[in-house]
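Participant: My questions concern the predicted model and sequence given below.
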Amino acid sequence: MIQVRKANERGHFDHGWLNTYHTFSFSDYFDPAHMGFRSLRVINEDFVEPGMGFGTHGHHDMEILTYVLEGELAHKDSMGNGSTIVPGEVQRMSAGTGVRHSEFNHSKADRVHLLQIWLLPEKDGIKPSYEQKFFADDEKRGRLRLIASPAADDGSVKIHQDARVYATLLAEGESAEHKFEAGRHGWVHVARGEVSVEGKPLKTGDGAAISDEEKITLIGVGTGTAEVLLFDLA
């Protein structure tokens, strides 16, 4: 079963400095029918204007992935980490017992386009930690590249949850197949471009919940290259 969540059905707020879309309930957007999917709790698509950002704020007991699509995002946190996240990089922050951080767009001309992804941890109260890795486009073209997993398989970042996150880049006609083990579920998020998932068309910002499927095939559709995230969830 594949249930599509269209981009225009998401929560949306334009704060001037931040234009943001929420796939699931978040902050002032509340929809009891969309509180997350399995351990996947948040997918926010954010556009941060030049010279703006998120001031220092706290998180706890959450696995947070940051995936930058365009621009550069500066990160600082209470663990002493400071970095700049660029396209191709994945940042993982395990908030655990508590961490404070800020994220800022220091560019004077270019906005930042990113995805903020939260997954519930396997247990509360773990020690906070941080990780950042780069995944080249060539590793994602026409195939699903593992970018996050509980055992840090294949050089992916480590997340404290029974979930595996993949990224792929698909030109028109290119395809990538994923097989699900019994009892597992999936979520597809189209970061940009267009794909077909088992005959269902998905465009930028669309998502799809997947249950009771042995496998799915993602196929690139239309001009340009589609960028897609796939979550394999318990």
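Facilitator: Received, thanks. Numbers count the residues shown, from 1 in each chain.

Participant: Can you list the strands that the strand or helix carrying residue 19 pairs with?
Facilitator: Residue 19 is part of strand 18-22, with elements assigned from DSSP states H and E. Paired neighbours of strand 18-22 in the sheet (DSSP bridges): strand 11-14 (antiparallel), strand 40-48 (antiparallel).

Participant: Return the most buried member of those strands.
Facilitator: Per-residue neighbour counts averaged over each of the strands paired with strand 18-22 give the maximum for strand 40-48, namely a mean of 22 (mean count of other C-beta atoms under 10 Å). In short, each C-beta sits where N, CA and C put it, glycine included.

Participant: after that strand comes which helix or strand?
Facilitator: Following the chain from strand 40-48 toward its C-terminal end, the next helix or strand by DSSP H and E is strand 53-59.

Participant: strands paired with whichever helix or strand comes after that next one, and their directions?
Facilitator: Sequence order places strand 63-70 as the next helix or strand after strand 53-59, per DSSP H and E. Each strand pairing with strand 63-70, determined using DSSP bridges, is listed with its direction: strand 89-94 (antiparallel), strand 112-119 (antiparallel).

Participant: Which of the residues in stretch 4-20 are classified as buried?
Facilitator: Within stretch 4-20, the residues that count as buried by 16 or more other C-beta atoms under 10 Å are 5, 7, 10-11, 18-20.

Participant: Can you report how many residues neighbour residue 175?
Facilitator: Counted with other C-beta atoms under 10 Å, residues neighbouring residue 175 total 14.

Participant: Confirm for me that it is in contact with residue 219.
Facilitator: Yes. With contacts counted by C-beta atoms under 8 Å, residue 175 reaches residue 219, the gap being 4.6 Å.

Participant: Much appreciated, bye for now.
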